[in-house]
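>>> I would like the atomic coordinates for the input below:
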Amino acid sequence: RTAWFLLTRIRDALASDQLSLFEGTVEVDETYIGGKEGNKHAKGKLRAGRGTAGKIPVAGVKDRETKQVQAKVIEEPDEDTMNAFIEDRVKKGATVYTDGSHAYNSLDGYEHEKVIHSRGEYVRGDAWTNGIESFWSGIKRAIMGVYHKMSKKHLWRYIAEFVARQNMRMKDTIEQMKLIVRGFEGKRLRYADLTG
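The predicted structure is shown next:
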């Protein structure tokens with residue numbers, strides 16, 4: 001419990017409320033976090049079908065030039081949610097590449113191009129989403145190898161950790177430590193608040 005509490009406090013320090021707008025070429029995608037129904041014990045099965053049943057959606061955007069990432073746990077990856085997510089993080093007029101999801105059909109004010117995975121299309125000229133998909137695969141490998149389960153209540157903290165890891169990875173260790181210490185300023189997390 002002590003180790004988990006300490007790690008959670010570090011994840012809170014890594015979480016940033018300050019969003020900077022990406023201006024250049026970005027990739028936007030969504031993923032779902034959660035275990036396979038077939039791997040759950042009988043009492044935990046949702047019996048709700050396959051695919052995204054019982055999983056938590058997360059939206060993400062990656063700036064191709066800076067390699068910076070922003071991600072957020074969302075309720076549903078529908079048009080309104082994804083449009084708001086993009087508008088909060090990407091400057092109007094930027095180039096946005098997405099997959100063929102209908103959630104991006106009404107995206108307005110951006111140079112927008114899709115790659116249609118359902119047609120076997122993954123790269124077309126400069127249009128692809130491989131960078132953000134690579135970010136998702138890193139999170140999912142960590143779940144399988146280290147964390148095993150991320151609850152909906154705390155998933156945002158784990159996502160913040162992986163966003164910070166991605167965004168700090170080109171800095172040296174001392175600079176990374178300084179950023180983490182700065183992140184502790186003005187934040188207090190008690191164990192009772194965490195588990196209540």
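>>> only C-alpha atoms for contact and neighbour calcs from this point on.
Will do.
>>> by contact count, what packs against the helix or strand of the chain with the lowest mean pLDDT?
Here the helix or strand of the chain ranked lowest by mean pLDDT, DSSP states H and E is helix 191-195, holding a mean of 88. Using 3 or more C-alpha pairs under 8 Å, 6 or more residues apart in numbering; DSSP states H and E as the contact test, no helix or strand touches helix 191-195.
>>> what sits up against it?
Under the criterion C-alpha atoms under 8 Å, 6 or more residues apart in numbering, residues Phe5 lie in contact with helix 191-195.
>>> Can you mark which positions in that helix are buried?
Counting neighbours by 16 or more other C-alpha atoms under 10 Å, one finds that helix 191-195 has no buried residues.
>>> next one: stretch 17-33
22-33.
>>> got it, and stretch 71-83?
Of the residues in stretch 71-83, 71-74, 77, 79, 81-83 count as buried by neighbour count, 16+ other C-alpha under 10 Å.
>>> Which pair of the residues you listed spans the longest distance?
Ala71 and Glu79 (16.6 Å; C-alpha to C-alpha).
>>> Just give the nearest non-adjacent residue to the residue nearest the centre of the chain, would you?
Taking C-alpha atoms, centre = their mean, the centroid of the chain lies closest to Ala71, which sits 3.4 Å from it. Nearest non-adjacent residue to Ala71, counting by C-alpha to C-alpha, 6 or more residues apart in numbering: Gly60, 4.1 Å away.
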